[in-house]
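S.K.: Test case, fold it:
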Amino acid sequence: MIRIKCITNIIVFFFLPLTVWSQEDRILDSLNNELKKTTNDTLKMDMYRNIGFYLQNGKLDKALFYHQQQLAYAQKLKMKLYEADAYQQIAYVTVQQYQLAEALKYYKEGLKIASRSNSAEIGWGFQNFSFSKSPEDARLSITGMIHFEISGLYQESGMFEQQEQELGKALRIGEQLNNKKILSLATRNIGSMFLLKKNPDSALKYLKKALNYFENSSYTLGVGLNHVATAQAYTLKKEYDSAKLYLRKAEIATIADNDLKTLATVYLDFANTFQQSRNLDSALHYAFKQINLSKSIKDDLRLGFGYTQISSTYELLNQPYLALEYLNKGKSLNDSLNKAFTNKLMLLQNAGFEEQMRLKKAADDQSAYQNKLKTLGLIGVITIFLVIALILYKNNRQKQKANKVLESTLSSLKSTQSQLVQSEKMASLGELTAGIAHEIQNPLNFVNNFSEVSAELLEEMQDEINKGNLDDAKEILTDVLQNLEKINHHGKRADAIVKGMLQHSRSSSGVKERTDINALCDEYLRLSYHGLRAKDKSFNATIKTDFDTSLEKVNIIPQDIGRVILNLLTNAFYAVDEKKKSVLENYEPTVSISTKKVDGKVEIKVNDNGNGIPQNIVDKIFQPFFTTKPTGQGTGLGLSLSYDIVKAHGGELKVETKENERTTFIIYLPN
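M.R.: Numbers count the residues shown, from 1 in each chain. Down below sits the predicted model:
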């Protein structure tokens, strides 16, 4: 009893907040000495778990070692609940190291164990997993937490549909147990999902509910992130004082928990909020604090975000050289991270190669099929980058011609003015390149990840077949088929992006002809509406038209202008449908189109009473690849292409909007 009490006191002392990292080695040495003296394997296992859990905040390699020791002792003692927990903790650390495929494998192993009703038959200290002493409650609690953490992994991968499914599973378990910890975390992340959809009001609803769960629970480690998300929602609403208030709360909470990664996020959000409220000195102050903290905890991802934030602030301060300097730092760091991530994927591909060579002929055929898919994928990647290179080459040639004309007309400007023009040119080219890389990389990541996971599943299926476990093999086969469907889906996404890019860059071969604008608008209005109705029978909207019958025919390429009108109408119907989904009652979705003659030009207006466009992104909507739609629902090329078509006709495309009320796109064409 004296030995157990001594160890317990050390564990309690260990979890007191540490403000100086240099104390860590001394405490770990002391605990390791106690571990060597302790002969009770159960106590050793629990100590390994607790030490690893603490080290997860910034000391990932050490944390991984201690959780691996926890796993070894749990397997030795046949304590399944601790084994499932060890897999969960190892997976959590692996996610922080951005080894997502490995993390998913560990999570599934932990979930497989915890899902068995007898996994809590042998246990010790069930209160480690649940506020209840019931073994069944402990089992369900760890199952709920694994589902919650898997949802975070899917968020890191950009798989938002799967993230929502896993959050739903966690939430149901939390409600079943009335477990405030699971309820607070799951509800908080649902609120964060609404933030990604640019719906701050719904986000605040869930975040306030999550805060209530936190305040009525003894679990407080996640409240800092809840305050951060709440502040981000208020920033979206442009209520900057409220945003700063919650960031102050988040700062206090994260310092108290020694949660340095979240604290770095707090400083970054402070910088962004001050920048949006045009307090640029404070924005720089917090951005530099974020950079210093990210360096101290060796978090290169957040460090890259900090460099980008400083660059945008210097740009607003009209200091282009400093802006370009920090933009290059951020880009260099991001390139380095991408390269490291690619190397990890290559190591993952090579793992188990020797084992694959010993498989039977059926497995060899499957492996050959997978290699064929990878080869086709590589060919697709090369083709895509060739297309990108051609587009960049064409754009660069056009810019060079434009620069020559500009130089001939602005020869009297000072040398400093010429340098600023060149800096702006390079920034624009960098933005286009980053947009293309991001849009192409997203579906390709899905294809690569699902291909890798499918290969591992096929290996596992072969093992199950060899063991005679046909039922397990069939379940794995189902997962493989689902993965192949997803590979096909995201391959088509990449194809759609490339086609949009080609369409964006080509010159129209159509011939201009005298066209009745009213008839053209009416035709594409019905085409857009009935096209959406064919996809979604529940879709309805009020349509209003106001055509000026005195308009004369206009000399245009009807197919191209029709494409513009169709795109604007489709966006309008999408906007009112999205608002209808978020508004419970007293809302009538309405889309209107009108024509008239203004100052010798033909004016076409497309209006909707949807959610409008936030003022902070209005200037970006005509940029290539910029979209407000969720991932997978838009390439971000529609408005950019429409803008170019109207401009090629000697016309103008403008937008007028009021957030949460309406959006109006106006086309002006020469008569």
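S.K.: Can you give me the neighbour number for K209?
M.R.: A count of nearby residues for K209, using other CB atoms under 10 Å, gives 15. Quick note: C-beta positions are derived from backbone N, CA and C, even for glycine.
S.K.: can you check the one 3 residues further on too?
M.R.: Summarising burial for N212: neighbours were counted as other CB under 10 Å, giving 14.
S.K.: Could you check the pLDDT of it?
M.R.: What the model reports as pLDDT for N212 is 92.
S.K.: Okay, and it sits in which element?
M.R.: Assigned by DSSP states H and E, N212 belongs to helix 200-215.
S.K.: now the strands for the stretch 51-200 of the chain?
M.R.: For the stretch 51-200 of the chain, no strands are identified by DSSP state E, counting those that start in this stretch.
S.K.: Same question for the chain.
M.R.: Counting by DSSP state E, the chain has strands at residues 513-515, 542-546, 554-556, 590-598, 601-608, 652-658, 662-670.
S.K.: Quick one: those strands as a markdown table, columns for mean pLDDT and distance to S528 too.
M.R.: Formatted as a markdown table, those follow (pLDDT from 0 to 100; distance: least, CB to CB, whole Å):
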| stretch | mean pLDDT | distance to S528 |
| --- | --- | --- |
| strand 513-515 | 91 | 18 |
| strand 542-546 | 93 | 10 |
| strand 554-556 | 92 | 19 |
| strand 590-598 | 94 | 9 |
| strand 601-608 | 95 | 10 |
| strand 652-658 | 92 | 17 |
| strand 662-670 | 94 | 13 |
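S.K.: buried residues in the helix holding N212?
M.R.: By 16 or more other CB atoms under 10 Å, the buried positions in helix 200-215 come out as P200, S202, A203, L204, K205, Y206, L207, A210, L211, Y213, F214.
S.K.: can you give me how far that helix is from the chain middle?
M.R.: Put simply, helix 200-215 sits 21 Å off its chain's centre (CA atoms, centre = their mean, to the nearest Å).
S.K.: Equivalent analysis for stretch 268-283, please.
M.R.: 23 Å.
S.K.: Stretch 217-231 now?
M.R.: 20 Å.
S.K.: With stretch 186-198 instead?
M.R.: Put simply, stretch 186-198 sits 12 Å off its chain's centre (CA atoms, centre = their mean).
S.K.: Also stretch 486-495?
M.R.: That offset, for stretch 486-495, works out to 18 Å (CA atoms, centre = their mean).
S.K.: do the same with stretch 580-594
M.R.: On CA atoms, centre = their mean, the centre of stretch 580-594 falls 28 Å from the chain's centre.
S.K.: And the residue nearest the centre of the chain, how far from N488?
M.R.: The residue lying closest to the centre of the chain (CA atoms, centre = their mean) is G158, at 4.6 Å. From G158 across to N488, the span is 17 Å (CB to CB, to the nearest Å).
S.K.: ok, now K596?
M.R.: 47 Å.
S.K.: what are the phi and psi values for G610?
M.R.: Dihedral pair for G610: phi -80, psi -150, per degrees, to the nearest 10.
S.K.: which one is it nearest to, not counting chain neighbours?
M.R.: Among residues not flanking G610 along the chain, A575 sits closest, at 3.0 Å (CB to CB, 6 or more residues apart in numbering).
S.K.: What about that neighbour, how many residues nearby?
M.R.: Count around A575 with other CB under 10 Å applied: 22.
S.K.: hang on, it packs against N607?
M.R.: No - counting by CB atoms under 8 Å, A575 does not reach N607; the two are 10.5 Å apart.
S.K.: where do the contact lists of those two overlap?
M.R.: The contact sets of A575 and N607 overlap at T663 (CB atoms under 8 Å, 6 or more residues apart in numbering).
S.K.: Can you give me the pLDDT of M193?
M.R.: The model's pLDDT for M193 equals 88.
S.K.: okay but it is in contact with E164, surely?
M.R.: Yes - counting by CB under 8 Å, E164 is a contact partner of M193 at 6.7 Å.
S.K.: Counting neighbours, go ahead and name the busier of those two.
M.R.: M193 (18 against 15).
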